[in-house]
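Asker: Coordinates for the following, if possible.
(one chain, ligands or ions: 1)
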Amino acid sequence: MNFEEVLEPQIQSPQLELKEVSLVTEGKGALKGMPILTGISLAVNRGERICIIGSSGAGKTSLLRLLNRLEEPTGGIIYLDDRDYRKIPVLDLRRAVMLLLQEPKLLGMTVREALDYPLVLQKFSRNAIEQRVEMMRELFHIPNEWLERTELQLSAGQRQLVAIARALVIQPKILLLDEPTSALDAGTGIHVLNVLVDLAENQGMTILMVNHQLDMAQRFCDRVFYLQQGQLLEDTSSIQMDWQYLRERLVDAETQASQEWF
Ligand SMILES: Nc1ncnc2c1ncn2[C@@H]1O[C@H](COP(=O)(O)OP(=O)(O)OP(=O)(O)O)[C@@H](O)[C@H]1O
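Answerer: Sure thing, here's the model as predicted:
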C-alpha cells in the first residue's frame, strides 16, 4: 500500500448495484403499464448472502428475472462490477449471474448430461468436466446411480438438488435462487444451505435467495430485502432484523392480498 492509499483508503464499489430500477407490465389494455417493481435502489457486496422476502406477488421473482436479464428494467440502471448491465453481452452476464428458477427442468437430459452441459458450452476439457461434476456430486451427496436418470426418474426434491448442483458447476460470481429448498426434506435443505454459506464465505460467491421459510432465511442470510407491492421497504442486516415483526408484517400483507383477491 502506498502513502496516498494510507491517507485516502480506497472505497470498494459494490459488486451489484441497482439505481432507481423499475419494471412495468407490457401486456395490452388494462394490464399494460402496471407497476411490478418501483424505484428499487440497492447495493450488494461480494460474498453477501441476501434473502429476498415478501408476500405473494410482491415482485421477488421479477427482481431475480431482472438480475438475470430475462426482463429489462423500464427505468433505472443495473451495474455489475461498475459495468452497465446493458453493455455486458447477455451470455457473459448469465455466466457470471446464474439464476435458478422454481421448478427447474433438466430438458430431457440425464443428470450426467445436465451437469456436463454448462461446462461443455464453456469448452472445458473432458477431464476437467469429469472432475468438476464429481466435485458437485460429492458436495451435494448426489448418488452415482442418479447420473443416468432423466428428470422423469427423479423426485421433485432430487430434481431440485441436481438443478442446484448444475447452477454451481460453472462457479458463477452471483447465484440467484428462487425458493431453492422448497422441495427438499429438512435435512437436505439445511445441508444445501450450509454448502452455500461455505461457498459465500470461502470463495466469495454472492447469493440472493427468495425464501418463504423465515426460520431458514434467518439461519442462512446476513442481510434481508423486504419487498411489498414492488417496493423495497427494508434493507437490513439479519442481526438487526426484527424477525417477529417481519413475520407479522408478512401475515398482514398476505391477508390484505387475499381480501383484494375476493
Ligand atoms: N409478465 C407479466 N405480466 C403481467 N404481470 C406480471 C408479469 N410478471 C409478473 N407480473 C405481476 O407482477 C407481480 C409480481 O410478480 P412476482 O412473480 O415477481 O411476485 P413474487 O413476489 O415472486 O410472488 P410469489 O411469491 O407468489 O412467487 C404480480 O402481481 C404478478 O401478477
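Asker: Was I right to think residue 128 contacts residue 120?
Answerer: No: under the criterion of CB atoms under 8 Å, residue 128 makes no contact with residue 120, lying 10.7 Å away. For every residue, glycine as well, the C-beta is placed using N, CA and C.
Asker: Residue 101 - how many residues pack around it?
Answerer: 19 (other CB atoms under 10 Å).
Asker: residues in contact with the residue nearest to it when sequence neighbours are not counted?
Answerer: Excluding its sequence neighbours, the residue lying closest to residue 101 (CB to CB, 6 or more residues apart in numbering) is residue 178, at 5.2 Å. Going by CB atoms under 8 Å, 6 or more residues apart in numbering, residue 178 touches 60-61, 64, 99-102, 209-210.
Asker: From residue 102, how far off is residue 178?
Answerer: From residue 178 across to residue 102, the span is 5 Å (CB to CB, to the nearest Å).
Asker: Check residue 201 too.
Answerer: Counting by CB to CB, the gap from residue 201 to residue 102 is 26 Å.
Asker: These two: which has the busier surroundings?
Answerer: Neighbours per residue, other CB under 10 Å: of residue 201 and residue 102, the larger number sits with residue 102, 15 against 12.
Asker: secondary structure class for that one?
Answerer: Assigned with DSSP: H, G, I helix; E, B strand; the rest coil, residue 102 falls in the coil class.
Asker: Run through the residues of the chain sitting next to the ligand.
Answerer: Applying CB under 6 Å from any ligand atom, one finds that the chain approaches the ligand through 25, 27, 31, 36, 54, 56-62.
Asker: which stretches of the stretch 1-150 of the chain have low pLDDT?
Answerer: In the predicted model, the stretch 1-150 of the chain carries pLDDT under 70 at residues 1-11, 30.
Asker: which residues of it fall in helices?
Answerer: Using DSSP state H, counting those that start in this stretch, the helices of the stretch 1-150 of the chain run over 3-7, 60-67, 90-96, 111-121, 126-139.
Asker: Also the stretch 151-262 of the chain?
Answerer: With DSSP H, counting those that start in this stretch as the criterion, the stretch 151-262 of the chain has helices spanning 156-168, 186-203, 214-220, 243-261.
Asker: Using JSON lines, please lay out those together with mean pLDDT.
Answerer: Output for the helices of the stretch 151-262 of the chain, formatted as JSON lines (pLDDT from 0 to 100):
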{"stretch": "helix 156-168", "mean pLDDT": "92"}
{"stretch": "helix 186-203", "mean pLDDT": "91"}
{"stretch": "helix 214-220", "mean pLDDT": "89"}
{"stretch": "helix 243-261", "mean pLDDT": "80"}
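Asker: Most tightly packed of those helices?
Answerer: helix 156-168 (a mean of 21; mean count of other CB atoms under 10 Å).
Asker: helices and strands around that one, which ones?
Answerer: On a contact count with 3 or more CB pairs under 8 Å, 6 or more residues apart in numbering; DSSP states H and E, helix 156-168 meets strand 97-100, helix 111-121, helix 126-139, strand 174-178, helix 186-203.
Asker: okay, the angle between that helix and helix 111-121?
Answerer: Per axes from the mean of the first three to the mean of the last three CA atoms, to 10 degrees, the angle that helix 156-168 makes with helix 111-121 is 20 degrees.
Asker: Counting only strands, which of the residues of the chain next to the ligand make the cut?
Answerer: Cross-referencing those against strands under DSSP state E gives residue 36.
Asker: Test my guess that residue 19 contacts residue 76.
Answerer: Yes: using CB under 8 Å, residue 19 makes contact with residue 76 at a distance of 5.4 Å.
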